[in-house]
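Novice: Here you go, sequence then predicted model.
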Amino acid sequence: MFGYQKGLDVEAGTSGGAAATTGARQLYPGMQESPELRWALIRKIYVILSLQLLLTAVVAAVVVKVRAIPHFFTTTNAGLGLYIFLIILPFIVLCPLYFYHEKHPVNLILLGLFTVAISFSVGLTCAFTSGKVILESAILTTVVVLSLTAYTFWAVNRGKDFSFLGPFLFASLIVLLVFALIQILFPLGKLSQMIYGGLASLIFSGYIIYDTNNIIRRFTYDQYVWAAVSLYLDVINLFLSLMTLFRAAD
């Protein structure tokens, strides 16, 4: 959809005139591309993200409500093997998705498979969590995502660029993964789970700002799938982190 627009807009250097003639609101000072095309890309990304989150909510609700599903995964060898496969599947799909995220319709097929695999993992996690914790996590995730998204658009419109967060967030993510591995090998109790949930929530909140900034400024018109995947993972990981925090505190 956007392949021909990219060449017309950014590389050709004709966007400045287009922006001047249309009078569309620029997203940030000194914007050289067409604001209308960038806004169209942003709308497309958030539509895809909304569909992903809706699919995740539906799949997770089915897994939670149909008790036979988590029972199968936890009481049978076949279910345990399938559960391990579903955990690994997103990482397997992510590799071809990265290489083909600009190839339509392969990118959408891989995106759907990736979303379903993540949704099952989220659903199985929710199946062993109280409804109160799930509701608290969902409400807080919604508030945080909407607030940070609005703040990022506001700040970028006033000239802020959050790309400097990239190295710090990546380093923090590595520390978080090591902390999680230590927690698995040497369980430190509920306090460490609360610390992990709190740190993870802060890190993925930062990633929401970072990826939203990239959507506004840097993602090209053919990278809408990868942009949606980035934000989707930020939101899901924020939700799971908050759920870990509330579950340990419950």
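Specialist: Thanks, I have the structure now.

Novice: Residue 77: neighbouring residues, count only.
Specialist: Residue 77 has 7 neighbours, counted by other C-beta atoms under 10 Å. Using the backbone N, CA and C atoms, a C-beta is placed for each residue, glycine as well.

Novice: Just give me how far the biggest helix by length in the chain sits from the chain centre.
Specialist: Secondary structure of the chain per DSSP state H: the longest helix is helix 35-65. Here helix 35-65 is found 10 Å from its chain centre; the criterion is C-alpha atoms, centre = their mean, to the nearest Å.

Novice: do stretch 66-73 as well
Specialist: For stretch 66-73, the distance to the chain centre is 27 Å (C-alpha atoms, centre = their mean).

Novice: Touching it from outside, list them.
Specialist: 62, 63, 64, 78, 79, 80, 82, 83, 123, 124, 127, 128 (C-beta atoms under 8 Å, 6 or more residues apart in numbering).

Novice: picking up where we left off before, give me the angle between the very next helix or strand once past the longest helix of the chain and helix 35-65.
Specialist: Using DSSP states H and E, the helix or strand that follows helix 35-65 in sequence is helix 68-75. Put simply, helix 68-75 runs at 70 degrees to helix 35-65, going by axes from the mean of the first three to the mean of the last three C-alpha atoms, to 10 degrees.

Novice: Give the rounded mean pLDDT of helix 68-75.
Specialist: Average pLDDT, helix 68-75: 80.

Novice: residues of it that come out buried?
Specialist: 69, 70, 73 (16 or more other C-beta atoms under 10 Å).

Novice: so can I have TSV of those residues showing distance to residue 158?
Specialist: Converted to TSV, the buried residues of helix 68-75 look like this (distance: C-beta to C-beta, whole Å):
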residue	distance to residue 158
69	48
70	47
73	48
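
Novice: Specify which member of those residues is nearest to residue 42.
Specialist: residue 69 (36.1 Å; C-beta to C-beta).

Novice: Show me what the longest helix of the chain packs onto, helices and strands only.
Specialist: helix 15-22, helix 68-75, helix 106-127, helix 190-217, helix 224-249 (3 or more C-beta pairs under 8 Å, 6 or more residues apart in numbering; DSSP states H and E).

Novice: if we compare the ones you listed, which one ends up closest to residue 47?
Specialist: Using C-beta to C-beta, the helices and strands packed on helix 35-65 put helix 224-249 closest to residue 47, at 8.7 Å.

Novice: Show me what that closest one is packed against.
Specialist: helix 35-65, helix 77-99, helix 106-127, helix 131-157, helix 190-217.

Novice: what's the closest of the ones you listed to residue 238?
Specialist: Nearest of the helices and strands packed on helix 224-249 (C-beta to C-beta): helix 190-217, 4.3 Å.

Novice: Flag every buried residue along the closest one.
Specialist: Per 16+ other C-beta under 10 Å, helix 190-217 contains these buried residues: 193-194, 196-201, 203-217.

Novice: Equivalent analysis for stretch 224-237, please.
Specialist: 224-237.

Novice: same deal with stretch 45-55?
Specialist: For stretch 45-55, by 16+ other C-beta under 10 Å, it's 45, 46, 48, 49, 52, 53.

Novice: try stretch 154-168
Specialist: 155, 156, 162, 165.

Novice: Could you tell me the end-to-end distance of it?
Specialist: End-to-end span of stretch 154-168 (C-alpha to C-alpha, to the nearest Å): 22 Å.
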